[in-house]
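Undergrad: Model the following, please.
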Amino acid sequence: MLAAITDGLSEGYPVVIPYADIFLRDHWADMTDKPWWVQNCWDIEARLAVEEGFQRKVGIDWVEAHMCPPEHWRSDHSVKVQRGRFFLVDSSGETITEISRPPLGGSILKWPSLQEPVIRTVEDVDTQIRTTKAEELIDSGRLDYIEAVMDKYGSERLVVCPVASPFWEIYPYFGIKRTLLNLFQNPGLIRCLLEKLLARGLEYLRACAAVGVDGIWVEECLTSADIISRSSYERFVLPYVKRQISEIRQLGMKSIYYPCGDVRDRLELMIEVRPDCISLEESKKSFQIDIDWIDKTVAGRACIFGNLDAVWLLRSGSQSELKKEVRRQIEVGRNYGRFVMSLGSPVTPETPLSRVKEYVETARQIAGS
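TA: Below you'll find the predicted structure:
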């Protein structure tokens, strides 16, 4: 992975799937015999065992690692089963929260049509957004799982931690409609919140670097051409993600920038913030994003990730169609050599494990020829 990202390869390109945690959620029983609720009580050894099963079954070239609750919380909580129902309890037995298995495809977000904003004023920003220093995050045990993943996989796979770009983080505080209106009605409040979120996020990046994380997956949604204009992107999105990616680079980690949606009028701007890698969605809805266009636009200035169609081709395409598209994408990747075979979107719930394994094995076979 590091060779593909930095200097490029002539063959043997790495193979990954984005959002492996989503695939694991929807195919839990295929990966492990551990109960689903180990993810609620954050038993680190149990979670590592789940990851080991996932890597054995899928066999990709990176491992996703997430921040966990503090050590004192983990030691104080456990899961109890009562008459087929599951409860998260503390050591006193007094705090009981019923939990349920995540549904296939995940839960519907609650904030898109938020009726009342969480933040109305600059004073609210200071009240709502608290920054914890990197050293405190580490000392509290919130990076214990990431460290455990580094110890287990750091010498053989790229360890990646996902984060949101600052602009993507602001939507839950206003809802979608009010966020977009505030770009014009209250831009000062938007910038204040962005600065605060960026500062908080930079401390997390410093903590990740301190424990040896290899890469950061920077997710960015609702900033595409059908959502905000190019000029608004340049004013409210680009400066903050640029500082975020710059910090990742200065800390010695690799950045994988994943801006969702239609980016045809702004990909050049995105490359100018100097991400190590760029990963884009597949063509869908009303926009087209072809790997050949990505390659020609980026022109070797960043490692490009494949954007194989996860929604239709991976799920329902024939074996020959899958092989043809994997070959096409890898051949494009050979132009500059800085290439990782990937999907444009998370694996859908209906896509079986056998199909994902077929994708991985096909890509490895073609990449090595």
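Undergrad: Only C-alpha atoms, please: export the helix or strand containing Trp168 in PDB.
TA: Trp168 is part of helix 166-174, with elements assigned from DSSP states H and E. Provided in PDB are the C-alpha atoms of helix 166-174 (Å, rounded to 0.1, in the frame of the first residue of the first chain):
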ATOM      1  CA  PRO A 166     -14.700  19.900   8.900                       C
ATOM      2  CA  PHE A 167     -17.500  20.900   6.600                       C
ATOM      3  CA  TRP A 168     -19.100  17.400   6.600                       C
ATOM      4  CA  GLU A 169     -19.100  17.700  10.400                       C
ATOM      5  CA  ILE A 170     -21.200  20.800  10.600                       C
ATOM      6  CA  TYR A 171     -24.400  19.400   9.200                       C
ATOM      7  CA  PRO A 172     -25.600  17.600  12.400                       C
ATOM      8  CA  TYR A 173     -25.500  20.900  14.200                       C
ATOM      9  CA  PHE A 174     -28.000  22.700  11.800                       C
END
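Undergrad: next one: it to chain centre, how far?
TA: The chain centre lies 16 Å from the centre of helix 166-174; the measure is Cα atoms, centre = their mean, to the nearest Å.
Undergrad: Now do that helix: everything it contacts.
TA: Here helix 166-174 makes contact (Cβ atoms under 8 Å, 6 or more residues apart in numbering) with 111-112, 114, 117-119, 128, 179, 182, 190, 193-194, 197-198, 201, 219-223, 236-237, 240-241, 244. In short, each C-beta sits where N, CA and C put it, glycine included.
Undergrad: Local confidence estimate at Trp217?
TA: What the model reports for Trp217 is a pLDDT of 98.
Undergrad: dump the residue contacts of it.
TA: Counting by Cβ under 8 Å, 6+ apart, Trp217 touches 18, 64, 160-163, 256, 258.
Undergrad: Ala199 too?
TA: Taking Cβ under 8 Å, 6+ apart as the criterion, Ala199 is in contact with Thr131.
Undergrad: secondary structure class for it?
TA: Three-state assignment for Ala199 (DSSP: H, G, I helix; E, B strand; the rest coil): helix.
Undergrad: Does the helix or strand hosting Val241 pack against any helices or strands, and if so which?
TA: Per DSSP H and E, Val241 falls inside helix 238-250. With contacts taken as 3 or more Cβ pairs under 8 Å, 6 or more residues apart in numbering; DSSP states H and E, helix 238-250 sits against helix 166-174, helix 187-210, strand 215-220, strand 254-259.
Undergrad: Deepest in the core, which of those is it.
TA: Highest mean neighbour count among the helices and strands packed on helix 238-250 (mean count of other Cβ atoms under 10 Å): strand 254-259, with a mean of 25.
Undergrad: how about the helix holding Val241: buried residues?
TA: Across helix 238-250, burial judged by 16 or more other Cβ atoms under 10 Å covers 238-245, 247-248.
Undergrad: how about JSON lines for those, with pLDDT and distance to Val326 added?
TA: Listed next are those as JSON lines, based on pLDDT from 0 to 100; distance: Cβ to Cβ, whole Å:
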{"residue": "Leu238", "pLDDT": "97", "distance to Val326": "33"}
{"residue": "Pro239", "pLDDT": "97", "distance to Val326": "37"}
{"residue": "Tyr240", "pLDDT": "98", "distance to Val326": "35"}
{"residue": "Val241", "pLDDT": "98", "distance to Val326": "30"}
{"residue": "Lys242", "pLDDT": "98", "distance to Val326": "33"}
{"residue": "Arg243", "pLDDT": "98", "distance to Val326": "36"}
{"residue": "Gln244", "pLDDT": "98", "distance to Val326": "32"}
{"residue": "Ile245", "pLDDT": "98", "distance to Val326": "29"}
{"residue": "Glu247", "pLDDT": "98", "distance to Val326": "34"}
{"residue": "Ile248", "pLDDT": "98", "distance to Val326": "29"}
